[in-house]
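In: got a predicted structure here, sequence first:
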Number of protein chains: 2
Amino acid sequence: MRSGLFFILFLVISSNFFGQDLTGFVNPFIGTTNYGTTNPGAVLPNGMMSVAPFNVMGSDENKFDKDKQWWSTPYSYENKFFTGFSHVNLSGVGCPEAGSLLLMPTSGELNVNYEEYGSGYAGEQASPGYYTNRLTKYGILTEVSATTRTSIARFTFPKGQANILLNLGEGLTNESGAWMRRISDTEIEGMKVLGTFCYNPQAVFPIYFVMRVSKPPLTAGYWKKQREMTAEAAWDSTAGTRKIYTRYRRDIAGDDIGAYFSYDVKAGETIEVQIGVSFVSTANARENLEAEQNGFQFDKVRTAARESWEKELARVGIEGGTADQKVVFYTALYHALIHPNLFNDVNGQYPAMGSDKILTSGAGRYTVFSLWDTYRNVHQMLSLLYPEKQLDMVRSMVDMYKESGWLPKWELYGRETLTMEGDPAIPVIVDSWMKGLRDFDVETAYEAMYKSATTKGKDNLLRPDNDDYLRLGYVPLREKYDNSVSHALEYYIADNALSKFAAALGKKEDAVRFRAQSLNYSRYYSPEYGVFRPLLPDGTFLSPFNPKQGENFEDVPGFHEGSSWNYSFMVPHDVPGLIKLHGGNRKFTNKLQEVFDDEHYDPTNEPNIGYPYLFSYVKGEEWRTQQLTQELLTRYFKNSPNGLPGNDDTGTMSAWAVFSMMGFYPDNATEPFYTFTTPIFDRIMLRLNPDYYDNKVLEMEIVRPGKNARFIDKIVIDGKKFNGYRISHEQLSKAQKIVFYLKERNH
Amino acid sequence: MRSGLFFILFLVISSNFFGQDLTGFVNPFIGTTNYGTTNPGAVLPNGMMSVAPFNVMGSDENKFDKDKQWWSTPYSYENKFFTGFSHVNLSGVGCPEAGSLLLMPTSGELNVNYEEYGSGYAGEQASPGYYTNRLTKYGILTEVSATTRTSIARFTFPKGQANILLNLGEGLTNESGAWMRRISDTEIEGMKVLGTFCYNPQAVFPIYFVMRVSKPPLTAGYWKKQREMTAEAAWDSTAGTRKIYTRYRRDIAGDDIGAYFSYDVKAGETIEVQIGVSFVSTANARENLEAEQNGFQFDKVRTAARESWEKELARVGIEGGTADQKVVFYTALYHALIHPNLFNDVNGQYPAMGSDKILTSGAGRYTVFSLWDTYRNVHQMLSLLYPEKQLDMVRSMVDMYKESGWLPKWELYGRETLTMEGDPAIPVIVDSWMKGLRDFDVETAYEAMYKSATTKGKDNLLRPDNDDYLRLGYVPLREKYDNSVSHALEYYIADNALSKFAAALGKKEDAVRFRAQSLNYSRYYSPEYGVFRPLLPDGTFLSPFNPKQGENFEDVPGFHEGSSWNYSFMVPHDVPGLIKLHGGNRKFTNKLQEVFDDEHYDPTNEPNIGYPYLFSYVKGEEWRTQQLTQELLTRYFKNSPNGLPGNDDTGTMSAWAVFSMMGFYPDNATEPFYTFTTPIFDRIMLRLNPDYYDNKVLEMEIVRPGKNARFIDKIVIDGKKFNGYRISHEQLSKAQKIVFYLKERNH
């Protein structure tokens, strides 16, 4: 294996090939409204730290307040009231979590009530690794940047009293409680409890931090919200208020605490603030800070952050397309490179999955695995373009099994949140193995998969309804609004992946068994409706039945976050079988087309995002895929804050766009194939990691006779015409040059 | 100086002299109602740790609830609802503080709501270093004991599920907020914020703890009161409740948190729980625990605690008196030996006064100095009977000056609470010096006293009204209900002490100056009323004026917690001058007698507790002292829960009883003299510390011709008749034998 250094040098050199400033094509504001739940904060590729402007609490002037409805992002583009920078945030998720350690600069008299100290802002700008705004109430210029595990802020103050506040009482998370203590005039350390992601009350974890200010304050202290008192309020004037602790500087703890540092500054004076975090300890947070930053050097950190992104984005070079399309593309790539993110500290330590143990990893340990989303395309994108990350992620998942006894489903900072359903680590790991990323503990991985596939339901963390599933071949509806069909459909996909893995490992019986299980999806097919329909324990269909029920998140029997329409074609592992079930190509095509014609398609949720590619399984109907992906990209992916169709789902929507804009999509997780569609650009250069691929650069050229040439006429790979519209990973990754010849008409 | 070991041996031997089980004469329930604010918990002599049954919250069945009125004790005898054992408590104070780390055993299903898990109790018993009861709701036998810095509890459970709860959310203190974390299956460590004593919001300090259980639990975890949510309560069923964390065991923090350990036990199975505390760190709490206890040995700790008390109580042997009188006496001695208490850890470390520094002391560092109370008699009792403790306390006070710039006024765990008024460290230190306890930094002590006596008011922590005081010779009334007269009267006492110290140190000018200042009390004397009356800035008296105003804690101009009557004879340093002011012996005697005849005397508050002894300054009127002290002892000091007149004031009321029952009282702090009164007993043996006194045993014999012989006929010291009724400390402490000959008639 070649050295990492060689590869880095290669990237640095090759990123100059097109000579582009690729970070300039990233618009971090995309997805910051319309429930995209991304944020414009500073973050490094797959970095633990992120620094987001927090503007979702404290004022009625905000359109959205985190406490007034279901709310899952620290920032909303429409909002106006800024209450600080939140440190460590999730990008593109649908439940509130993290978004705490709120750092706020103010000027004038100290005020520790966020309802009052918040400010309007102007002059907002963001680029990868950098965010700035100007607080209109105070005349303070704020700037933030980040390293992998630490942040730096630079505040430029007007003359007079300047204050720096760290609020540990508020944040996006619904967990509460924090502790901190003074280390020196310029340093504090502490811990905040996070968790309850997606309202799982037991998914709880601590975040540790160290914060340093670049200048010793004139005065400093804490605040804490005091309890409401009854009779004794008569003597304690602080009852129910946020008391300021002017002299006490030892350990403080509580639900709503904060620290302040006050200064007398000259006009234009800057003060910098660093925060290092760790999920292990404050000592590790300090070690992270000292390893990743050398003193207070804001500009150096900012430059390094930009260069880090530049290097990652440069794995794809593009020519052609509009400026907006380039921005949509690179921003999607950027968004798909935020999660999963590094979890281990610079010394290698990380909290073991599901326990209190601290372990050490020599490689990258990753966290934030939203696998029900990302198994569909994010990991396929990583396997192709960032295989070194994907392999570490696979190793992380297998280690999670070793630590906790189960592969992850929706892992968050070492906790299984059990959000959504299925057994989605299986397709991720198998897909990686199929693509040649095999340097992990394969036997243990198989053991882990076999365990969840075969363990009785009551002992089965991942497949709690496994008894029904194994006995009946499907999951019957047992509660009015259970997600039984959604569960089973995911198990089928996982079992198919497991079957392939078994076959590859020479476990023939298992391969046959799990493949057979995976085909039971047909039980749900209702010939009457031509869609999947919930089954009862006695094998009969649920009645009455309305395949549209479940749109717009309304409650629906059998399906999770969608209607029957959104699930009825989610059989990527047996599309030919599904076609047969529908009565052949024409009937299948018509039914699938009905999804789009009658607007059953939900561009914001995962079960149906592969649908556009299914037309390409029917010879002669591939144009529908090509037409649809371009339409959907135009309609839902834009260079504007509402430029994502909905929750980015830790990059899944973005990865859909990345692939679709490049002209190929991995529509069947675990089958190492991609389906072609019409690329958006004129030339695409994929720079493959030579540690993993023999081919260094895959060039795709798009020959477009006119701007309305939207359909694929033919594809020529390394001089040879390619037959069909699905290409294996091996062939694609070994190709030097793929030329798409486009045409205007669909036939 | 002789070795400490010799002294200990001496005590062990001599405690057998009378062969009494002195701890058997201590009734820890005395003072547990009638606002005595003592508690029956386990504590060692001047120990940091105390373990009190906590029964003042959680039920309407309780007569007193800590949140329904001003409340300052963890236990009330009338109450019925027990919610755990509080660790580290104040004894005999008037403001809520400490009384936290609530340890509760329950049985059956886990319930973490104290409103529900509390229990009635029966079979309550207490003796020095031991308390037990039976929880009627659960059938659990509880027993607790203590070492100096640690506790041990033994819970005997019925068969089935047993739970041990540590509640860090509640307690007597009005501060809140705690943090803890799991160390192992059987150990947790943490910190709770305490403070706001007497509603001083800045008097805040942390207590650290380590808790160990003797048996690994089946299950364990935390709880935390969740915030009330608004919109999101729809999805989070734990909103507003105490959520149980069944799996999370790393750091937790919040306003209202706790830890639980659950077991499946056999009938009669015992589980022991240890708690070590420290005001420095959890590491020190652990070190204290490991140094003071060797594994779980409840009976050993209990025995050692009893022996420790036995040894201290044995410094006074008594014969005669009723059983109740013996109990009143030894319980008073016990109560006067609780505060001040040790503050440094076994490794010597303690938090510096008023700062965040950690310092190390080779000797005993003391805390909880309620000096406005204790300067009057507690420290005099210690100087005579426990000089080794008193000297360490003096050193502690001088060190506090070195650390913070000021001597203490009402010091609490390293914080100056500024409760009550005056400059009371001065008389304490000077009194000790006068009695030969001089092995401390005398020059620095003088510097400290001089500083508070001479510093301008705005910079003067202890005498904020020093400008007026120095300029006018008195403190004028400047606000309607200020305590101006009370302030000045205390400054006069302090200045007199300082004058004596100056004289002794050869600082003649200072001696003259401060003595002159101390005599300005006469300015307050109103010839019209014959009492002290507030003065206005222009030198005229406040009008209208009612000398009775201020009784029963009503607001009154010029006086703190009392009426003019309670203060008008508080001039211990110039009783002859006060007599002259009143117009001679007869007028003085009549006026003083009026205090008692008209019920102006308040047996519960310090300014007037020396009054009974002032009659003895007038020849021929000494019988009034003798009659009064016996009457007051009978009326207010009883062997029953209401056996203290009011707040014990960290032992001040008890020390009054100790001295008065022994027949002599130090009525003038800083003058090394005692005034005789009629002893209650027939024989009293004072065992003096030979490291400090040449005399090993002072025997007092009371020759009582009949049981109604209540007055002193004559006193014979070592065979020689003693003239007068006031004896110097030197003469008393050197006497081998003092014989009181009593008579029935007062003349």
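Out: That came through fine.
In: which regions of chain A lie under the pLDDT threshold?
Out: Confidence mapping of chain A against pLDDT under 70 gives the ranges A:1-20.
In: list the contacts of the residue most central in space within it.
Out: Centroid check for chain A by C-alpha atoms, centre = their mean gives A:T650 as the closest residue, at 1.4 Å. By C-beta atoms under 8 Å, 6 or more residues apart in numbering or on different chains, the contact list for A:T650 reads A:L90, A:S91, A:G92, A:V93, A:I338, A:H339, A:P340, A:V368, A:S370, A:D373, A:T374, A:V378. Yep, even glycine has a C-beta here, placed from its N, CA and C like the rest.
In: doesn't it lie inside a strand?
Out: No: assessed with DSSP: H, G, I helix; E, B strand; the rest coil, A:T650 is coil; it does not lie in a strand.
In: what residues does the stretch 1-150 of chain A put near chain B?
Out: By C-beta under 8 Å from any C-beta of the partner chain, the residues of the stretch 1-150 of chain A that approach chain B are A:D67, A:K68, A:Q69, A:W70, A:W71, A:P96.
In: for stretch A:644-652, the distance to its chain's centre please.
Out: 8 Å (C-alpha atoms, centre = their mean, to the nearest Å).
In: from what I can see A:N39 touches A:S72, true?
Out: No: using C-beta atoms under 8 Å, A:N39 is not in contact with A:S72, being 10.8 Å away.
In: can you get me a residue count around the residue of the stretch 251-400 of chain A found nearest chain B?
Out: Here the stretch 251-400 of chain A gets closest to chain B at one residue, A:G254, 3.3 Å apart by C-beta to the nearest C-beta. Neighbourhood size, A:G254 [other C-beta atoms under 10 Å in any protein chain shown]: 29.
In: need the phi and psi values for it.
Out: When quoted as degrees, to the nearest 10, the phi and psi of A:G254 stand at phi 160, psi 180.
In: could you verify my assumption that it touches A:M180?
Out: No: at 10.0 Å, A:G254 does not count as touching A:M180 under the criterion of C-beta under 8 Å.
In: for chain A, which helix extends over the most residues?
Out: For chain A, the helix with the greatest residue count under DSSP state H is helix A:484-504.
In: same for it, what does it pack against?
Out: If contacts are counted by 3 or more C-beta pairs under 8 Å, 6 or more residues apart in numbering or on different chains; DSSP states H and E, helix A:484-504 sits against helix A:425-434, helix A:442-454, helix A:466-472, helix A:508-518, helix A:564-567.
In: in this structure A:T331 contacts A:T23, no?
Out: No: counting by C-beta under 8 Å, A:T331 does not reach A:T23; the two are 10.4 Å apart.
In: these two: who's more crowded?
Out: Using other C-beta under 10 Å, the more surrounded residue of A:T331 and A:T23 is A:T331, with 27 against 23.
In: ok, and the closest non-adjacent residue to the residue of the stretch 401-550 of chain A found nearest chain B?
Out: Checking the stretch 401-550 of chain A residue by residue against chain B with C-beta to the nearest C-beta singles out A:R415 as nearest, at 8.2 Å. Nearest residue to A:R415, sequence neighbours excluded (C-beta to C-beta, 6 or more residues apart in numbering or on different chains): A:A203, at 4.4 Å.
In: and A:S127, backbone torsions?
Out: phi -150, psi 170.
In: list the contacts of A:T83.
Out: Neighbouring residues of A:T83 by C-beta under 8 Å, 6+ apart: A:F54, A:N55, A:M57, A:G58, A:L102, A:M104, A:Y114, A:Y117, A:G118, A:N167, A:E170.
In: about what we covered before: quick one, which of A:N39 and A:S72 is more surrounded?
Out: Between A:N39 and A:S72, counted using other C-beta under 10 Å, the more crowded position is A:N39 (31 against 20).
In: that one and A:F343, how far apart?
Out: Distance of A:N39 to A:F343, given as C-beta to C-beta, to the nearest Å: 20 Å.
In: next: A:R523.
Out: Counting by C-beta to C-beta, the gap from A:R523 to A:F343 is 40 Å.
In: look at these two and report which has more neighbours.
Out: Legend: neighbour count by other C-beta under 10 Å for A:R523 and A:F343, higher for A:F343 (25 against 15).
In: excluding chain neighbours, what is closest to the more buried one?
Out: A:F343's closest residue in space is A:T367 (C-beta to C-beta, 6+ apart), at 3.7 Å.
In: and what of A:G610?
Out: Closest to A:G610 by C-beta to C-beta, 6+ apart is A:D667, at 4.3 Å.
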